[in-house]
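Undergrad: Take this sequence and fold it.
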Amino acid sequence: MHIGMTAIFQNPLHSEGVSDYEIYQQDMQLAFQAEGLGFESVWGVEHHFTDYTMTPDVTQFLAAVGGACKQVKLGSMVIVLPWNDPVRVAEKLSMLDCMTDGRVIAGIGRGLGRIEFEGFKVPMEESRERFVESAETILQGLEQGYCEYNGKYIKQPKARIRPEPFKSFKNRTYAAAISPESSAIMAKLGVGILVIPQKPWDEHAKELSDYNSLFLETHGYEAPNPYVAGWVACHEDERKAEEMARTYIGGYWQSVVKHYEMQNDHFQHTKGYEYYKRLTETIETEGLDAMTQFFMNLQVWGTPEQCVSKIKDIHAKTNCAGFNGIFSYAGMGSEMAQRNMKLFADAVLPEIRQLGSTPLFDREIISEPEFVSARHRAA
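TA: As a prediction, the model looks like this:
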């Protein structure tokens, strides 16, 4: 199994005098240490305008990591396509890939935060169609070396990508998919699934099974194994680990509810987000404390042995080819975050690396000379 880490740059303590600069220094240090601790990839998450996650340009963050670290792969989890020009996304991914000798894992998504859609003046109800058109523009562009598309929203005259892609992005492009409708779209697009746990693991497993079947039916070959993210709270003392989880994983869930406005009814009136109506209704029915406990129990926390056991259970349900840990969040201090990640790297990572199979992005599918030759013939 491929093991990565994500830096999310979350600052809920800004009102208490913790600057965004301090958070950046803390999480950048974790990212730069990842390679030496044995992690195989570093990931960033695009968000805007609030303290929920402060990474407005994921590729810029990954370029810094790619310069400081020479082996780790560089993943976007995710670049939100409706907020970005697709040609610019294709250019940035190709540029980053050229700068880092082909280490990019491209993660894409359609977005959920109303404040972000409003900030970019993009109607939220258009997000699903905009995502599909942008994804097709980018995926085709990265394979053929130029973007050209005539859709409802994306009308792109032929424009070459320079620096040109030098290897295929097939089998190293993933998309976040929370709702069943999104999973079906990703299967048709031919991209892998990034599982960001927000529902019972049995539901994730059922949707992955449906996705796998549709992927095979559409493309004639099997889908890549999914890649799973999880919030980690690891401590040698079981009681202290649970205290960490309640304080910080619970705190993170509170930030999710706040950022995505899950306690009001706007999802009920927004086309394309019908699935989230159910989530807001569940919060209203069960109560925020119960939902916080539910989210906490989806994540990876406890002693190293308990963390290994939980990831083994996740793997058994999803057949995932990778696990991506988030170690600093919800105002967790630098010292605790460092200890959290290092203990996981020392005591958990070696055990779970033996699980499953190597993800496709860690294998050479199409050689670089073959890809470049084929693309030039197509152009």
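
Undergrad: thought residue 291 was touching residue 253?
TA: Yes. With the criterion set as Cβ atoms under 8 Å, residue 291 and residue 253 qualify as a contacting pair; they are 7.2 Å apart. The way it works is simple: take the backbone N, C-alpha and C, and place the C-beta from them, glycine included.

Undergrad: what about this protein, any weak spots by pLDDT?
TA: Low-confidence regions of the chain, defined by pLDDT under 70, span residues 364-379.

Undergrad: Helices of the stretch 251-379 of the chain, start to end?
TA: In the stretch 251-379 of the chain, the helices defined using DSSP state H, counting those that start in this stretch lie at 274-286, 288-298, 304-318, 334-343, 349-352, 368-378.

Undergrad: buried ones in the fifth one?
TA: Using 16 or more other Cβ atoms under 10 Å as the test for burial, helix 349-352 gives 349, 352.

Undergrad: Determine the longest strand present in the protein.
TA: Ranked by residue count, the top strand of the chain under DSSP state E comes out as strand 227-234.

Undergrad: and the next element down the chain from that strand?
TA: Moving toward the C-terminus from strand 227-234, the first helix or strand encountered (DSSP states H and E) is helix 238-244.

Undergrad: Between residue 291 and residue 253, point out the one with more neighbours.
TA: For the pair residue 291 and residue 253, the greater number of neighbours falls to residue 253 (23 against 20), based on other Cβ atoms under 10 Å.

Undergrad: Could you tell me how far the nearest residue to the more buried one once chain neighbours are set aside is located from residue 168?
TA: With Cβ to Cβ, 6 or more residues apart in numbering as the measure, residue 295 is the residue that lies nearest to residue 253, at 4.3 Å, once sequence neighbours are left out. Residue 295 sits at a distance of 36 Å from residue 168 (criterion: Cβ to Cβ, to the nearest Å).

Undergrad: can you check residue 136 too?
TA: Computed as Cβ to Cβ, the residue 136 to residue 168 distance reads 16 Å.

Undergrad: Likewise for residue 293?
TA: Relative to residue 168, residue 293 is positioned 43 Å away (criterion: Cβ to Cβ).

Undergrad: again, but for residue 80
TA: Taking Cβ to Cβ as the criterion, residue 80 is separated from residue 168 by 23 Å.

Undergrad: more neighbours, the two?
TA: Looking at residue 80 and residue 168 with other Cβ under 10 Å, you find the greater number of neighbours at residue 80, namely 27 against 20.

Undergrad: so the more buried one sits right up against residue 116, yeah?
TA: Yes. Contact between residue 80 and residue 116 holds when scored by Cβ under 8 Å: they sit 7.5 Å apart.

Undergrad: Return every residue with contacts to both of those two.
TA: Common neighbours of residue 80 and residue 116, counting by Cβ atoms under 8 Å, 6 or more residues apart in numbering, are absent.

Undergrad: Run a quick neighbour tally on residue 196.
TA: For residue 196, the tally of surrounding residues (other Cβ under 10 Å) stands at 21.

Undergrad: Same check on residue 265?
TA: Using other Cβ under 10 Å as the criterion, residue 265 is surrounded by 12 other residues.

Undergrad: can you pull the contacts of the residue nearest to it when sequence neighbours are not counted?
TA: Beyond its immediate neighbours in the sequence, the residue positioned closest to residue 265 (Cβ to Cβ, 6+ apart) is residue 280, lying 6.9 Å away. Contacts for residue 280 were tallied using Cβ under 8 Å, 6+ apart; they are 262, 263, 264, 265, 267, 268.

Undergrad: Apply 7 Å and report the result again.
TA: Residue 280 sits next to 262, 265, 267 when contact means Cβ atoms under 7 Å, 6 or more residues apart in numbering.

Undergrad: Over to residue 319?
TA: Neighbour list for residue 319: 225, 356 [criterion: Cβ under 7 Å, 6+ apart].

Undergrad: ok, it to residue 90 distance?
TA: From residue 319 over to residue 90 (counting by Cβ to Cβ), the distance is 30 Å.

Undergrad: what's the answer for residue 140, then?
TA: Distance check for residue 140 against residue 90: by Cβ to Cβ, it reads 9 Å.

Undergrad: and the two? which has more neighbours close in?
TA: residue 90 (25 against 16).

Undergrad: Quick check, that one in contact with residue 148.
TA: No. Judged on Cβ atoms under 7 Å, residue 90 makes no contact with residue 148 at a distance of 11.2 Å.

Undergrad: you'd agree residue 4 is in a strand?
TA: Yes. Under DSSP: H, G, I helix; E, B strand; the rest coil, residue 4 falls within a strand.

Undergrad: Count the neighbours of residue 21 for me.
TA: By the criterion of other Cβ under 10 Å, residue 21 has 9 neighbours.

Undergrad: next one: residue 181
TA: Close neighbours of residue 181, defined as other Cβ under 10 Å, add up to 13.
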